[in-house]
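Chemist: Quick one, structure for this:
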Amino acid sequence: MDFEIEIDREEDGRWIAEVPSLPGVMVYGDTRAQAVTKAQALALHVIADRIEHGEAAADPLRVTIQAA
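Modeler: Below you'll find the model as predicted:
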């Protein structure tokens, strides 16, 4: 599984990071790095939840999450 994080800076100076292929994975951070870290953590949580509930493939898992 490969996921890309889209990052943008809001007018108020906060950074927003989103993983478009994982609905609900959108976070804010005071810095770019903080937003990326939060997005990675939330994406992993969502993926783990899917696995736990049988919504992911049963094959061995390799996950890559990278900033665009």
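Chemist: for the worst-scoring helix or strand of the chain on mean pLDDT, which positions count as buried?
Modeler: Sorting the helices and strands of the chain by mean pLDDT, DSSP states H and E puts strand 64-67 at the bottom, at a mean of 78. Within strand 64-67, the residues scored as buried using 16 or more other CB atoms under 10 Å are I65. In this view, the C-beta of every residue, glycine as well, is placed from N, C-alpha and C.
Chemist: strands paired with it, and their directions?
Modeler: As defined by DSSP bridges, the strand partners of strand 64-67 come to strand 2-9 (parallel).
Chemist: what is the mean pLDDT for the strand it pairs with?
Modeler: Mean per-residue pLDDT for strand 2-9: 93.
Chemist: now that strand, how far from the chain's geometric center?
Modeler: Its chain's average C-alpha position is 7 Å from that of strand 2-9, according to CA atoms, centre = their mean, to the nearest Å.
Chemist: Quick one: list the elements packing against the next helix or strand after that strand.
Modeler: Per DSSP states H and E, strand 2-9 leads on to strand 15-18 as the next helix or strand towards the C-terminus. In this structure, strand 15-18 packs against strand 2-9, strand 26-29, helix 32-52, with contacts taken as 3 or more CB pairs under 8 Å, 6 or more residues apart in numbering; DSSP states H and E.
Chemist: possible to save the ones you listed as JSON lines with mean neighbour count and distance to E18?
Modeler: Shown next, in JSON lines, are the helices and strands packed on strand 15-18 (neighbours: other CB atoms under 10 Å; distance: least, CB to CB, whole Å):
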{"stretch": "strand 2-9", "mean neighbour count": "14", "distance to E18": "5"}
{"stretch": "strand 26-29", "mean neighbour count": "17", "distance to E18": "4"}
{"stretch": "helix 32-52", "mean neighbour count": "16", "distance to E18": "7"}
